[in-house]
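Asks: my questions are about this predicted structure, shown below with the sequence.
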Amino acid sequence: MRILFTTAWYPNRKVAGDGVFIQKHARAVAQLNDVAVLMVQTDVAVRGLHVDIVATEPQPPQTAGAEGGALREVLVYVPKTRFEVPLLTGLIRLLWLMIGYIRGYRYIKHHYWQGQRPEVCHVNVLTRAAGLPW
């Protein structure tokens with residue numbers, strides 16, 4: 001089964017311990033399923049009008065003799081807004097996060113699932129991560 005995990009917390013290049021429990025959950029589910037994790041994070045290191053997609057190679061199940069898919073992680077970094085204007089800054093941040101989720105989802109569909117959609121979407125933290133599956 002193709003399962004898409006979307007999350008706002010996941011180990012990343014800014015905070016290595018962020019959302020480790022979600023990574024362990026995804027690894028457990030990947031023992032019998034084809035799991036792709038999609039996380040989008042703002043990062044001051046990303047410059048200009050682009051996103052930085054960091055994808056891991058598919059990791060086979062860790063249990064000997066386990067069948068099923070693999071765990072794939074796609075971490076998308078988008079520019080962080082460098083100014084603070086109450087309403088405008090929040091809207092720009094939300095726009096960048098949604099662009100990041102769309103670009104990451106397209107990457108997963110094209111590179112991992114040959115254009116097919118996930119059969120199940122699992123959302124951790126019902127905030128910005130819930131927009132794409134909804």
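Replies: Nice, I can see it. Residues are numbered from 1 along each chain as shown.

Asks: now the phi/psi pair for the residue nearest to the spatial centre of the chain, please.
Replies: Centroid-nearest residue in the chain: Leu38, 1.4 Å away (criterion: CA atoms, centre = their mean). Main-chain torsions, Leu38, degrees, to the nearest 10: phi -120, psi 120.

Asks: tell me how far the closest residue to Ala30 other than its chain neighbours lies from Thr56.
Replies: Closest residue to Ala30 apart from its sequence neighbours, by CB to CB, 6 or more residues apart in numbering: Leu71 at 3.9 Å. C-beta coordinates here come from the backbone N, C-alpha and C atoms, glycine included. As judged by CB to CB, to the nearest Å, Leu71 and Thr56 stand 8 Å apart.

Asks: re earlier: can you read off the pLDDT for the residue nearest to the centre of the chain?
Replies: Turning to Leu38, the model gives it a pLDDT of 95.

Asks: picking up where we left off before, quick one: contacts for the residue nearest to Ala30?
Replies: Neighbouring residues of Leu71 by CB atoms under 8 Å, 6 or more residues apart in numbering: 26-27, 30, 35, 37, 58-59.

Asks: distance of it from Ala36?
Replies: Between Leu71 and Ala36 the distance is 8 Å, computed by CB to CB.

Asks: Thr56 now?
Replies: With distances taken as CB to CB, Thr56 is found 10 Å from Ala36.

Asks: now do the helices in this protein.
Replies: In the chain, the segments counted as helices under DSSP state H are 20-29, 86-111.

Asks: export those helices to a markdown table and tack on mean neighbour count?
Replies: Converted to a markdown table, the helices of the chain look like this (neighbours: other CB atoms under 10 Å):
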| stretch | mean neighbour count |
| --- | --- |
| helix 20-29 | 16 |
| helix 86-111 | 16 |
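
Asks: so who does Val40 touch?
Replies: The contact partners of Val40, taken as CB under 8 Å, 6+ apart, are 8, 75-78, 97, 100-101, 104, 128-129.

Asks: try it again at 7 Å.
Replies: 76, 78, 97, 100-101, 104 (CB atoms under 7 Å, 6 or more residues apart in numbering).
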